[in-house]
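Asks: Sequence plus the predicted model coming up.
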Amino acid sequence: MRLPYYESTIHRQIREKREDRKERIKSDLQEYGKEVLASDEMKQAFDQTHHQWATVGEHTFRVAFSSVMICYALRKMNIKVNIPAVVIGALCHDLGMLGRSDKYSSDKEAVLEHPKESVAVAKEIVDELPEKAEEIIERHMWPLGDSKAPNSIEGAVVSVADKYSAVKDVVRGSEVKKTGVRNYVKGERDRIKKAIQKGIATGGAEKTGKENENEDQKH
Ligand SMILES: [Fe+2]
Ligand SMILES: [Fe+2]
C-alpha cells in the first residue's frame, strides 16, 4: 500500500507539467505519426524481439517519445526543430529490422543494412516521406557501422534517443533477469499492444505506471 503523501505546491506543479508534456507528446505522435501507427508494419513490430528484452515496436515508441521530449527542450532554447519529421523518422527508424532472420544472413549485415531497408518500408507506409525523415532514418545508426553522421539537428536527436533507448532496454532486461520478474516485460508489451490496437499512441511506452510512481518519489 502506498504511504499517505502530502504533495507540496512545487511538487504538484512539477507533476502537472510532466503530465501536460506527456499529453502533448502523445498528441504529436498521434498527429504526425498516424500513417505509421495505423500500418501493418507497426503492428508486426510488436511481435518481433529487439535488444533482447523489448520488441521493435516498444523500442521505436520509446525513441519517438524521447526524441520529441528533446525537441521541446530545444525549442525552449529557440532552436528550430521539425517535429513531424522527427516523429516519422523515429517511428520508422528500425522497421527495416522486421523479418530480420529472413532478410539478413548475419547480425552484422542486419546492423549495416537495416537503415536503408527502413527507408524503403517508410516510403511504402508514408505517402510523401519528408526528405528530413529519410535522412533521420538512413543515418540513425551513427556512429556505429558505416553510417554517415546525421546532417541535421533532427537526425542527431533521433540518433541520440536511439542509443539511450537501446541501453535502457538492455539494462532493464538485466534487472528483469536478476529479480526474476519475467512477466514484467510481457505485461508491458501487452499493454502497449492493446493501446496501439485502440489507436492510441501512448507515451506509457516509456514507463509503466508503477515505474512512474517510483520515479516520481525519487525526485
Ligand atoms: Fe537501428
Ligand atoms: Fe533503434
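Replies: Alright, I've got the coordinates. Numbers count the residues shown, from 1 in each chain. Ligands and ions are numbered 1, 2, ... in the order given.
Asks: and E117, how many residues sit next to it?
Replies: Using other Cβ atoms under 10 Å, E117 is surrounded by 20 other residues. Where C-beta positions appear, they are placed from N, C-alpha and C, glycine not excepted.
Asks: and it, which of the three is it?
Replies: helix (DSSP: H, G, I helix; E, B strand; the rest coil).
Asks: That one - nearest residue in space that isn't next to it in sequence?
Replies: Nearest residue to E117 in three dimensions, chain neighbours excluded: G96, at 3.0 Å (Cβ to Cβ, 6 or more residues apart in numbering).
Asks: Doesn't that neighbour belong to a helix?
Replies: Yes: applying three-state DSSP, one finds G96 inside a helix.
Asks: for ligand 2, what are the nearby residues on this protein?
Replies: Within the chain, the residues that sit near ligand 2 (Cβ under 5 Å from the ion) are 94, 162.
Asks: The strand or helix carrying E109: which residues count as buried?
Replies: Using DSSP states H and E, the element containing E109 is helix 107-125. Going by neighbour count (16 or more other Cβ atoms under 10 Å), the buried part of helix 107-125 is 110-115, 117-119, 121-122, 125.
Asks: Switch those over to CSV; also include pLDDT.
Replies: Supplementary listing: the buried residues of helix 107-125 in CSV, determined by pLDDT from 0 to 100:
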residue, pLDDT
A110, 92
V111, 92
L112, 94
E113, 95
H114, 96
P115, 97
E117, 97
S118, 97
V119, 98
V121, 97
A122, 97
I125, 96
